[in-house]
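*Asks:* A structural model of the following input is requested.
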Amino acid sequence: LHPIPSPGCRLQKGVCLDTATRSGCRKGCVCKSAPSPSCRRGVSVSLVPPLAAERVVCVSLVPPVAAERGVSVSLVPPLAAERVVSVSLVPPLAAERGVSVLMETGQPSPDSSSEECTVLEAPLGKRLTCPIHTNKTVLYCSRCEVCVCEECLLEEHTDHTAVPISEALETHRNGLQERLVAAQNRLPQISEALISVREILHQLTNQRASIEEDIHVSFEELHKTLDIRKSVLLMELEVTYGLKQKVLQSQLETLLHGQEGIIYTCTQTEEALNGEACTANLQAERGLGERLGELASQGLPFQPEENDQLDLLMETEGLRRSIHNMGTIVTTSAVASQSEASGSGLEQCIVGLPACVTITTRDKAGGPCRSGNAILSAEVCTPDGSVADGELLDHKNGTYDFIYTVNKEGEFSLAVRLYDQHIKGSPYRLRVTRSTDPEGAKRRGKSPGSGSKKKGSRRTGSALGTPRRRENPIEDDLIFRIGTKGRNKGEFTNLQGVAASSTGRILIADSNNQCVQIFSNEGEFKSRFGVRGRSPGQLQRPTGVAVHPNGDIIIADYDNKWVSIFSSEGKYKAKLGSGRLMGPKGVSVDKNGHVIVVDNKACTVFIFQPTGKLVTKFGSRGNGDKQFAGPHFAAVNNSNEIIVTDFHNHSVKVFTPEGELLLKFGSNGEGNGQFNAPTGVAVDINGNIIVADWGNSRIQVFDGSGSFLSYINTSADPLYGPQGLALTSDGHVVVADSGNHCFKVYRYLQ
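*Replies:* Modelled structure (predicted):
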C-alpha cells in the first residue's frame, strides 16, 4: 500500500501518523489498517511510504494468540532504511497479567550493527523508546495493561496511572512469588488430607468387607433356623398324622371284624333256614339265634373316632414383611469440620450437677444431617488429663446430647470427636464452679471418699508396672498401686474395665491407649495387646474386659459397637454383637459361659453365646425398676444372677438369667448404702456385692440382699472417679482409679 497524504495530513519523515479505518484516515490519507485475525485487542497497521521517504517504519500491533492481553510490534523498514528495530510486547504464557518486552534487531543495512536489548538491559548509550512515538521513554499503563509513553498518556491514556516498565515487571514478579509461596504452602495440607482420606477409604473398604461378612453370617443363620423349623414342622406332621391314623385304623379294624362276624353268622343262619326242619338241627339253630342276638346288640364304633383335619398355619405374610425390612445399612454424611456443639453445658457447669451439651451433625455443605448412629465420642478432661464420665444420647435425627457430671471445680476441656476428628470449636473450655445453694456446698464428710477431690488426689504412680507399696502412716487397706499417665507399659490414659483370671492375672482395659494391659496379682507387668482402629481385631475404645472359663479374653469396645474375643495370648478370634450393640460398656461371663454385655447407650443388657448368637436381652431407657439410665458394669453371683450398676439411677439391680428383676438397692446420696453414680461391681464367694461409687470416690460392700456392710478403707491414697472393679484369685480387690491414671489393689476380708 502506498498511502497518499491529503493536504492536511501530518507527515514525519515520510510516515503518515494518522491511521484510521479502511475508508481512510481522519485527514484524508489513503491508508489501510485492520486488526490481525488473531488479535483480540489491538490494531494491525502497515504504513509504507513512497520511495522518496527518508525513513520508513512499518508498525504491526498484534498480540500473540496465547497472550491474554498484550501488544506485538514489529518495525521493519525497506532496504534503504538506516536501522531497523523490532519490538515485541508479549505477556508470558503462564502469567495471568503482565508484559514481557523483547527488543530485537532485524536484518541491518550494511552500515548498521546487530544489537539485542530488553527493558532492563538496553544497549550502552541507547535508551528505551516508545514503539509508536519516536524517542519517547517506554512506560506501562496499569489500567490498560499496555506499554505507553508520555505522549500516549496525553492522548488515549489521559488520567491513567503509568509506571516504568521495570517497576511493572518487578511488581508482577513479586506478585508471582507471593502466589508461588501461597500455592506451595498448600502442599503439606494436601498431603495430610490425602493421608486422612486414604485412611478413611481404607477403613471404609474394611468396614464394607466386615458388613458383607456379617450379612452372609446373619442370613446363613436364618437359613439354618428355617431349616431347623422346617424339620420340626415335618416331624410334628408325622407324629400328628401317626396318632390320628392309629385311632382311625383301629376303628376300621373293629368295624371290619364286626362286619365279618355278622356276615358269617347270617350266612349260616340262612343255610339253616333253607334246610329241612328237624329235631337234629334245633340245637344248632338255637345257637345261631343267640349269636345273631349278640351281633345285633354288639356295640360298634359307628361314628368316626378321629377327624381328617391336618392344617398348616403359617404367618408368612408378617414374616415376609419382617424379612423385607430386615437389616439396614446405617450411615450418615456428617463431617467433623461442619458439625458443632451448643447448649448450657458449654456455658455454665455446677459441681455435682448434670450438664447437657447438644451436638448437631452437618454434612460437608453445612446442611443438617437427619439420621443418627454417627460414631461420636465426648470427654471432659482436666488439664492433667483425668476424665469425667458422661453419657451420649442419640436422638436418631442427627442431634446428640452429651450429659456429664463433674465433681470438682476448676478449668476443664470438652473434646467432642466425630469419626475421630474434632468437631468445629472442639476442644471447648469449661469453667466448673460450685453452686451458691448452701445444700450444694455441703462437704462430703462421712464416707471414705470424702474430701478427695478437693485435695486433688492425683499422685505420681509407678513407672513400667513396678508396684508401689504404701508408705503412708495412715492405716488403710491399700496394698499397692500401679500406673501413671502415659502410653508406655504400666502407664494408662483413662483406664476403665478390670478383670481377674483364675490363673493369677489382672487385666486392665486402657481405653484411650486402645489396648489391654496384663499384670500378675503382685503387680508385675506381663504383656499388653491391641491396635487402634475400626476393623475386626482392632480396638477403638475398650471399656470392659472379662475372662472366659476357657481362657479367652472378652473386650467391650464402646466406639466400635461390638465385643471382641481374643485368645489368652492376645490373638484375635471373633467379634459378637455387631449391628445390635450401640455402646457396650461392661462385659462379664455367667456360669453357662454366656457373654453378658451392658450396653450403656441402648440401656439394655444383652446375653450372647460365645458364637455370637443372641440368647436374650432385657432393659430399656428410663427410671423404672426394670429400666436403666446409663448402666455401666455387671457381675454374676453363684446363683447365676446378674448384678448391674445403674449409673444415672444411682442404684444396683439384680436380675435372673432371663431378665426378671429380683432386687434393687441404693439411692442418690452420700450416706451408707447410697450412691452417686455406681460403676464397677464384683461378687465374692459368699455372695457379698462390692460396688465402686464413682461420684463419692469410694468402695462399698453389701450383702446378697443389698444391705450395707462396710467400706474398703481408701483414706490414705484417695480414689478419684473409680471405674471397673474385680476380685483377684488371691482374694484382693482391684479397682481402676481412672482419675489418678492407675489401678489399686486393696485387702479384702471376706
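
*Asks:* Show me where the stretch 151-300 of the chain has its helices.
*Replies:* Applying DSSP state H, counting those that start in this stretch to the stretch 151-300 of the chain gives helices spanning 165-274, 279-297.

*Asks:* And the stretch 451-600 of the chain, by the same measure?
*Replies:* Going by DSSP H, counting those that start in this stretch, the stretch 451-600 of the chain shows helices at 452-455.

*Asks:* Show me where it dips below the pLDDT cut-off.
*Replies:* Within the stretch 451-600 of the chain, the stretches with pLDDT under 70 are 451-476.

*Asks:* Tell me which stretches of it form strands.
*Replies:* In the stretch 451-600 of the chain, the strands defined using DSSP state E, counting those that start in this stretch lie at 468-469, 478-482, 495-500, 505-510, 515-520, 525-529, 542-547, 553-557, 562-566, 572-576, 584-589, 595-599.

*Asks:* picking up where we left off before, so which of the helices of the stretch 151-300 of the chain gets nearest Ile555?
*Replies:* Set against Ile555 and scored by Cβ to Cβ, the helices of the stretch 151-300 of the chain come closest in helix 165-274, at 16.6 Å. No exception for glycine: its C-beta is placed from N, CA and C like everyone else's.

*Asks:* Would you agree Leu319 falls within a helix?
*Replies:* Yes - under DSSP: H, G, I helix; E, B strand; the rest coil, Leu319 falls within a helix.

*Asks:* low pLDDT regions in the chain?
*Replies:* 1-131, 134-137, 276-281, 383-386, 389, 435-476, 750.

*Asks:* From the recorded domain assignment, give the ranges for it.
*Replies:* Here the domain parsing of the chain from automatic domain parsing is 1-160, 176-324, 336-441, 452-746.

*Asks:* List the contacts of the nearest residue in space to Val531 that is not next to it in sequence.
*Replies:* Nearest non-adjacent residue to Val531, counting by Cβ to Cβ, 6 or more residues apart in numbering: Gln538, 5.0 Å away. The contact partners of Gln538, taken as Cβ atoms under 8 Å, 6 or more residues apart in numbering, are Gln514, Gly530, Val531, Arg532, Asn560.

*Asks:* just those residues now: which is nearest Arg321?
*Replies:* Of those, the one sitting nearest to Arg321 (Cβ to Cβ) turns out to be Asn560, at 31.1 Å.

*Asks:* wait, what's in contact with that closest one?
*Replies:* Arg534, Gln538, Leu539, Gln540, Arg541.

*Asks:* try 7 Å
*Replies:* Arg534, Gln540 (Cβ atoms under 7 Å, 6 or more residues apart in numbering).

*Asks:* Equivalent analysis for Leu661, please.
*Replies:* Counting by Cβ under 7 Å, 6+ apart, Leu661 touches Asp625, Lys626, Lys653, Phe655.

*Asks:* Make a PyMOL selection of the buried ones in these.
*Replies:* The PyMOL selection below is limited to those of the contacts of Leu661 classed as buried (16 or more other Cβ atoms under 10 Å):
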select buried, resi 653+655
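
*Asks:* Run a quick neighbour tally on Ser729.
*Replies:* 13 (other Cβ atoms under 10 Å).

*Asks:* so it, which of the three states?
*Replies:* Assignment for Ser729 (three-state DSSP): coil.

*Asks:* okay, the contacts of Leu661 in CSV with secondary structure and distance to Asn640 next?
*Replies:* Formatted as CSV, the contacts of Leu661 follow (DSSP: H, G, I helix; E, B strand; the rest coil; distance: Cβ to Cβ, whole Å):
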residue, secondary structure, distance to Asn640
Asp625, coil, 21
Lys626, coil, 19
Lys653, strand, 16
Phe655, strand, 10
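
*Asks:* Return the closest of the contacts of Leu661 with respect to Arg321.
*Replies:* Nearest member of those to Arg321, counting by Cβ to Cβ, is Lys626, at 29.1 Å.

*Asks:* Next, work out how far apart the nearest residue to the closest one once chain neighbours are set aside and Gly622 are.
*Replies:* For Lys626, ignoring the flanking residues on the chain, the nearest one in space by Cβ to Cβ, 6+ apart is Leu661 at 5.2 Å. Per Cβ to Cβ, to the nearest Å, Leu661 is found 13 Å from Gly622.

*Asks:* Same check on Asn206?
*Replies:* Using Cβ to Cβ, Asn206 is found at 37 Å from Gly622.

*Asks:* Next: Glu167.
*Replies:* Remark: distance between Glu167 and Gly622 (Cβ to Cβ) = 78 Å.

*Asks:* do Glu156 as well
*Replies:* 84 Å.

*Asks:* Asp363 contacts Ser333, doesn't it?
*Replies:* Yes - look at Asp363 against Ser333 with Cβ atoms under 7 Å: they come within range, at 4.1 Å.

*Asks:* Common neighbours of the two, please.
*Replies:* Counting by Cβ under 7 Å, 6+ apart, the residues touching both Asp363 and Ser333 are Cys369.

*Asks:* Report the secondary structure element holding Leu662.
*Replies:* Assigned by DSSP states H and E, Leu662 belongs to strand 661-665.

*Asks:* So for that strand, what gets flagged as buried?
*Replies:* Result for strand 661-665 [16+ other Cβ under 10 Å]: buried residues Lys664, Phe665.

*Asks:* Now for Glu660, how many residues are close by?
*Replies:* 11.

*Asks:* Distance check, it against Phe618.
*Replies:* On the measure of Cβ to Cβ, Glu660 and Phe618 end up 8 Å apart.

*Asks:* Next: Glu658.
*Replies:* Glu658 is 8 Å from Phe618, by Cβ to Cβ.
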